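Participant: okay, sequence plus prediction incoming.
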Amino acid sequence: MTILPPPQSAQLFCVPTATVYTSTRMPMILTIVAIMVVALSGAVYFRTSNDAAPGTTSEAEAESSSGIVSILNDAEKAADAMEQSLGGRSATSEEGVVPKPAPTSVTPTTPVEAPAATVPASTYADGTYTKTGSYRSPGGNETITVSLTLSGDVITDAKLVAQSGNKTSQTYMDKFAAGYSALVTGKDIDSIDLTVVNGSSLTPKGFMDAVAAIRSEAII
């Protein structure tokens, strides 16, 4: 019996260049290929050594080369089946390395304090001011004394003294006195502008004259 060396096709073979194996599949494919190559090489070796007539060795080598390519295809299918049974292929990058997620940095946040409410500066000094205003009625010149208390430019209290020797003028003064307080208390001193109060149209002029004098005295 003639002993022939193992066919060269069992020692050297080409892997199709179109096949790309990732790092997760390569170990399984190599293992399957090694087992199948050994089995095929042994089968071809004994077949050519025992049964082949002289001159038929090249045919056996060609058959062996074709069988190795078939082994690679079968190995890849077997690797796919093994990966599916293990839970599927793992995600890989083009280089076959599983990309690691970039670490996320947590920036500590500093609570932002709300700005303190700003209180507008007062135009007039707080306090109580008393001034006399004048106006002219059909009965002659009349006067009215006004007293205002200011706090942050707001009138917090108002009083007046209105007396006239003319009966008609006094009547209108009394009408004014009965309704003016609600129109000025709680208001900014710069916002008030009385013209007619309870039918009295002249007494308000004397009142506003006194208010103007108070503004001049209380201004900061």
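Facilitator: Perfect, I can see it now. Computed from a predicted model, the values in this text were never measured in an experiment. Residues are numbered from 1 along each chain as shown.
Participant: just the buried positions in stretch 168-177, please.
Facilitator: Buried residues in stretch 168-177, defined by neighbour count with 16 or more other C-beta atoms under 10 Å: 169-170, 172-173, 176-177. Every residue, glycine included, has its C-beta placed from N, CA and C.
Participant: the helices in this protein, which residues?
Facilitator: 26-50, 57-85, 167-179, 181-184, 203-218 (DSSP state H).
Participant: sorry, back to before: for residue 195, state which of the buried residues of stretch 168-177 is nearest.
Facilitator: Closest approach between the buried residues of stretch 168-177 and residue 195, by C-beta to C-beta: residue 176, at 11.2 Å.
Participant: how close does the closest one get to residue 166?
Facilitator: Going from residue 176 to residue 166 by C-beta to C-beta, to the nearest Å gives 14 Å.
Participant: same question for residue 109.
Facilitator: For residue 109, the distance to residue 166 - C-beta to C-beta - is 75 Å.
Participant: try residue 152
Facilitator: 39 Å.
Participant: how about residue 178?
Facilitator: 18 Å.
Participant: can you report how many residues neighbour the residue nearest to residue 128 when sequence neighbours are not counted?
Facilitator: In space, and not counting its chain neighbours, residue 128 is closest to residue 149: 4.4 Å by C-beta to C-beta, 6 or more residues apart in numbering. Using other C-beta atoms under 10 Å, residue 149 has 15 neighbouring residues.
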